[in-house]
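S.K.: With the input below, show me the fold.
(one chain, ligands or ions: 1)
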Amino acid sequence: MRVLVAGSHGQVGRHLVRLLSEAGHEARAMIRDDSQAGEMEALGGTPVVADLEGDPSPAAKGCDAIVFTAGGGPGSGAAKKETVDRQGAVKLIDAAGEHGVRRYVMVSAMGADDPESGSEGMRPYLRAKGQADDALRESGLDFTIVRPGRLTDDPATGRVDAAASLGRRGEITREDTARVLLATLTATNTHGKTFEVLDGDTPIDEAVNAL
Ligand SMILES: NC(=O)c1ccc[n+]([C@@H]2O[C@H](COP(=O)([O-])OP(=O)(O)OC[C@H]3O[C@@H](n4cnc5c(N)ncnc54)[C@H](OP(=O)(O)O)[C@@H]3O)[C@@H](O)[C@H]2O)c1
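M.R.: Residues are numbered from 1 along each chain as shown. The predicted structure is shown next:
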């Protein structure tokens with residue numbers, strides 16, 4: 001499977017590029033700075049330079065799937081939430097339609113369906129994420145929306161809790177999140193579904209296949 005990873009140079013993205021490569025997939029690693037190409041190649045990815053705030057559509061040509069794990073980042077203001085987190089994701093939804101890419105896996109966030117419940121600082125981010133998710137649901141693509149809790153850099157455990165609604169908030173490691181994305185990509189049972197995921201007790205493949 002040839003997978004476009006938007007946000008490949010990010011913390012989850014780097015894990016995902018390596019995991020895709022180890023699993024025998026081709027990770028087309030979207031970077032916006034050519035100097036990051038060597039790092040992507042060292043992880044087993046094939047770099048492609050594209051900017052979500054420009055026209056990223058050509059990067060999707062010839063791919064079987066897209067994973068959106070990009071973001072303006074916690075230090076960015078409301079403007080970046082709009083141009084990267086929402087518009088960037090929507091540009092790749094449109095690109096998927098244009099290039100016949102059927103599969104799209106979105107890294108969303110817990111709380112994206114109820115932005116007003118977040119803190120004032122989080123609301124623009126959660127709104128942007130929620131609107132991007134809505135656009136994906138309406139796209140007609142084979143989509144899955146993955147909503148992790150707070151991301152940590154702890155070592156992976158390989159075990160998670162995943163469900164449409166977990167009824168609690170919590171954390172998950174970035175590497176486990178990437179492992180969930182890898183499992184989700186080929187799990188046809190997750191097509192058309194939105195699910196939350198946190199650190200937990202169930203082996204990742206088992207948790208994803210049970211959704
Ligand atoms: N932090 C949390 O607790 C949390 C919780 C739930 C969900 N999430 C979501 O999880 C995902 C991954 O998080 P993370 O911590 O791995 O994020 P991250 O390390 O901040 O990585 C984000 C990536 O997006 C890229 N990016 C930003 N603007 C771009 C643009 N205009 N064009 C192309 N790429 C661009 C960045 O590129 P550069 O490397 O060039 O800067 C970076 O590689 C994000 O979607 C985030 O919103 C985060």
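
S.K.: Distance check, the residue nearest to A70 when sequence neighbours are not counted against M30.
M.R.: Distance criterion C-beta to C-beta, 6 or more residues apart in numbering; nearest residue to A70, sequence neighbours excluded, is G7 at 3.1 Å. Yep, even glycine has a C-beta here, placed from its N, CA and C like the rest. Separation of G7 from M30 (C-beta to C-beta, to the nearest Å): 7 Å.

S.K.: Find the residues that touch each one of these two.
M.R.: Common contacts of G7 and M30 (C-beta atoms under 8 Å, 6 or more residues apart in numbering): A70.

S.K.: that older thread, mind listing what the residue nearest to A70 touches?
M.R.: Contacts for G7 (C-beta under 8 Å, 6+ apart) come out as 13, 30, 68-71, 107.

S.K.: okay if I get those residues as a markdown table plus neighbour count and distance to the ligand?
M.R.: A markdown table is the format used below for the contacts of G7 (neighbours: other C-beta atoms under 10 Å; distance: C-beta to the nearest ligand atom, whole Å):
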| residue | neighbour count | distance to the ligand |
| --- | --- | --- |
| G13 | 29 | 6 |
| M30 | 31 | 6 |
| F68 | 28 | 7 |
| T69 | 24 | 4 |
| A70 | 24 | 3 |
| G71 | 24 | 3 |
| V107 | 26 | 4 |
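
S.K.: In strands, which of the residues you listed fall?
M.R.: Counting by DSSP state E, the contacts of G7 place 30, 68, 107 in strands.

S.K.: The last one against V67, yeah?
M.R.: Yes - counting by C-beta atoms under 8 Å, V107 touches V67, with 7.2 Å between them.

S.K.: Show me whatever sits in contact with both of the two.
M.R.: L181.

S.K.: Can you find the helix or strand of the chain with the lowest average pLDDT?
M.R.: With mean pLDDT, DSSP states H and E as the measure, the helix or strand of the chain carrying the lowest mean pLDDT is helix 78-80 (a mean of 94).

S.K.: Report the backbone C-alpha coordinates of whichever helix or strand comes after that helix in CSV.
M.R.: The helix or strand immediately downstream of helix 78-80 is helix 87-99, counting by DSSP states H and E. What follows is helix 87-99, C-alpha atoms only, in CSV (Å, rounded to 0.1, in the frame of the first residue of the first chain):
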residue,chain,number,x,y,z
GLN,A,87,-8.1,23.7,5.5
GLY,A,88,-5.0,21.5,5.1
ALA,A,89,-7.1,18.4,6.0
VAL,A,90,-9.9,19.5,3.6
LYS,A,91,-7.4,20.1,0.8
LEU,A,92,-6.2,16.5,1.1
ILE,A,93,-9.9,15.3,1.2
ASP,A,94,-10.4,17.1,-2.1
ALA,A,95,-7.1,15.8,-3.4
ALA,A,96,-8.2,12.2,-2.6
GLY,A,97,-11.3,12.7,-4.6
GLU,A,98,-9.4,14.2,-7.5
HIS,A,99,-6.8,11.4,-7.7
